[in-house]
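K.L.:
Quick check, what structure comes out for this input:
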Amino acid sequence: MPVQPAAAAAADLAPFWQGLRQRIVAPDSLSEGAGGTAPDLPVAPETAAYAGILGMALVGWAMQLPNDRADVRRSRLYNRYRIASGWRWAVRLREAGIETVCIKGLAAAATIYPESGLRAMADADLLLRGRDLGPALQFFLSQGFAVGQEPTRHSWGFIGDASAEPLISPEGSNIDLHRHPDAWPLHKGLSTEAVMAASQVCSTMEGEIRVPCREHQLLIAASNAARDLFDPPSLKLLIDGAFILMRQDGSGTALDWQEVERRATDGDGLRGLRSYLSLMGLLGFDLSDVPARLRSGTSDPGAWLLRSIAAELGSGRFGDPELDHGLGHKLLREVLLSASLRTVLWRNITRLSGLARPNRGMLADLQ
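P.N.:
Next comes the predicted model:
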């Protein structure tokens, strides 16, 4: 898929995406608060839709809204609180002798965002070895955590092969323990040991944590977004990827695309990775550094579907009844954009089996 010219891409995208792309590509060229919405003016409906998924902190940064807007300030403070809480428990786990790597939002906030508070957080994802799940559970229970149950984790749809039930603290911290970087079969190409071996130490306000290298961060984000079938909640993962692509590490080193491709292939995630990267291009981000073989072509079976998804995400029309997708459409996304037919069959057979034998969860036998 050819890279879109900047003007052509911007013409079809909501102002939010135009602003976000400018801030990621050339963050120092724009002054904070210049040209933004005045503090006393309402946010456009499309912007409010993005804020509902991404948080007002990131939307305000992209749209150059003044930092002293009450909704922007609240969002930044809330994000900082949730992120700092996750980092703190990662540090405490390490101090208790349990090795852990912060993944997903915790890693992204610490390494690729210009300010940690821009990354919205639902829960804190911590990767640890399978043998350490029991000790980690006992540690958290001793600190007052309880094993929670999310409404969506019922017999149908909850596979739970990679992550455990959420652990909730009395003050509301939400910890999600992972034994694999993401759902089956990513760990066949990117194992927990591989992530830990290549992980890097990162300093935070709560102490030193370990985070995946950039290649592994990208693979985990792509796998997670593909598993979510590129629905609106995956927007933050697409933005994570855009930051990873646009912000090289301190030495200016580009991504090792050979490693990314090899691990994605071994983990049956190549289709999802290509869709993920191509969707970023359709949303206006520069893919010139991405090998052509890792981008979807215009003749690919799912190319039209990717364009449709990009139009929906770019318009901010989330929750529009006209865009309501049924089971058939979701299955089409899964087959054409997310994974191989083998993986799709395994996942859906596993979901069906949950109707007869509900998944008790990874922590059930450890309590």
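K.L.:
Show the contacting residues for Pro212.
P.N.:
101, 103, 107, 181, 195, 198-200, 220 (C-beta atoms under 8 Å, 6 or more residues apart in numbering). Glycine gets a C-beta too; all of them are placed from N, C-alpha and C.
K.L.:
again, only using 10 Å
P.N.:
101-104, 107-108, 111, 127, 181, 190, 194-196, 198-200, 218-220 (C-beta atoms under 10 Å, 6 or more residues apart in numbering).
K.L.:
So for the chain, the centremost residue is which one?
P.N.:
Leu237 (3.1 Å; C-alpha atoms, centre = their mean).
K.L.:
Need the pLDDT of it.
P.N.:
Leu237 is assigned 97 on the pLDDT scale.
K.L.:
Hmm, it is touching Ala221, no?
P.N.:
Yes: when contacts are counted by C-beta atoms under 10 Å, Leu237 is listed as touching Ala221 (4.6 Å).
K.L.:
what is in contact with those two at once?
P.N.:
With C-beta under 10 Å, 6+ apart as the test, Leu237 and Ala221 both reach 104-105, 108, 276.
K.L.:
Quickly name whichever of the residues you listed is closest to Leu305.
P.N.:
Among the shared contacts of Leu237 and Ala221, Tyr276 lies closest to Leu305 (C-beta to C-beta), at 13.4 Å.
K.L.:
ok, how many other residues are close to that closest one?
P.N.:
29 (other C-beta atoms under 10 Å).
K.L.:
Check the gap between it and Val201 for me.
P.N.:
Distance of Tyr276 to Val201, given as C-beta to C-beta, to the nearest Å: 27 Å.
K.L.:
try Ala109
P.N.:
Taking C-beta to C-beta, one finds Ala109 at 16 Å from Val201.
K.L.:
just Arg274 next, same as before
P.N.:
Note on Arg274: its distance to Val201, by C-beta to C-beta, is 32 Å.
K.L.:
Likewise for Leu235?
P.N.:
Distance of Leu235 to Val201, given as C-beta to C-beta: 29 Å.
K.L.:
likewise Ile175?
P.N.:
For Ile175, the distance to Val201 - C-beta to C-beta - is 21 Å.
K.L.:
Contacts only, for Ala198.
P.N.:
So Ala198 contacts 101, 190, 212-216, 259 (C-beta under 10 Å, 6+ apart).
K.L.:
switch the cut-off to 8 Å
P.N.:
By C-beta under 8 Å, 6+ apart, the neighbours of Ala198 are 212-213, 215-216.
K.L.:
buried residues in stretch 205-223?
P.N.:
206, 209-223 (16 or more other C-beta atoms under 10 Å).
K.L.:
gap between the two ends of that stretch?
P.N.:
Length of stretch 205-223, first residue to last, C-alpha to C-alpha, to the nearest Å: 29 Å.
K.L.:
Stretch 173-182 too?
P.N.:
Where stretch 173-182 begins and where it ends lie 21 Å apart, using C-alpha to C-alpha.
K.L.:
Look through the protein and tell me its longest helix.
P.N.:
Determined from DSSP state H, the single longest helix within the chain is helix 70-95.
K.L.:
How about Ala84, nearest residue that isn't a chain neighbour?
P.N.:
The shortest distance from Ala84 to any non-neighbouring residue, by C-beta to C-beta, 6 or more residues apart in numbering, is to Glu206 (5.7 Å).
K.L.:
quick one: the one you found from Glu261, how far?
P.N.:
35 Å.
K.L.:
picking up where we left off before, compare neighbour counts for Ala109 and Val201 and give me the winner.
P.N.:
Taking other C-beta under 10 Å, Ala109 and Val201 do not tie; Ala109 has more neighbours (27 against 8).
K.L.:
For that one, list the residues it contacts.
P.N.:
79, 83, 116-119, 121.
K.L.:
For it, what is the enclosing helix or strand?
P.N.:
helix 105-111 (DSSP states H and E).
K.L.:
Helix or strand next in line after that helix, which one?
P.N.:
strand 124-127.
K.L.:
could you dump that next one to CSV, C-alpha only?
P.N.:
Extracted in CSV, the C-alpha atoms of strand 124-127 (Å, rounded to 0.1, in the frame of the first residue of the first chain):
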residue,chain,number,x,y,z
ALA,A,124,-1.9,-2.5,34.6
ASP,A,125,-0.6,-5.4,32.6
LEU,A,126,2.4,-7.3,34.1
LEU,A,127,4.1,-10.2,32.4
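K.L.:
so what does the helix or strand that comes right after that strand touch, helix or strand wise?
P.N.:
Moving toward the C-terminus from strand 124-127, the next helix or strand (DSSP H and E) is helix 133-142. Under the contact definition 3 or more C-beta pairs under 8 Å, 6 or more residues apart in numbering; DSSP states H and E, helix 133-142 sits against helix 70-95, strand 174-178.
K.L.:
For the stretch 101-250 of the chain, give me the ranges with low pLDDT.
P.N.:
149-160, 247-250 (pLDDT under 70).
K.L.:
so Arg210 is in which element?
P.N.:
Going by DSSP H and E, Arg210 is in strand 207-211.
K.L.:
which residues sit against that strand?
P.N.:
By C-beta under 8 Å, 6+ apart, strand 207-211 touches 87-88, 90-91, 94, 99-103, 106-107, 110-111, 196, 199-202, 217.
K.L.:
Put the alpha carbons of that strand into PDB.
P.N.:
The C-alpha coordinates for strand 207-211 follow below in PDB (Å, rounded to 0.1, in the frame of the first residue of the first chain):
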ATOM      1  CA  GLY A 207      11.400   3.200  40.800                       C
ATOM      2  CA  GLU A 208      13.000   1.100  38.100                       C
ATOM      3  CA  ILE A 209      10.800  -1.200  36.000                       C
ATOM      4  CA  ARG A 210      11.500  -3.400  33.000                       C
ATOM      5  CA  VAL A 211       9.800  -2.900  29.600                       C
END
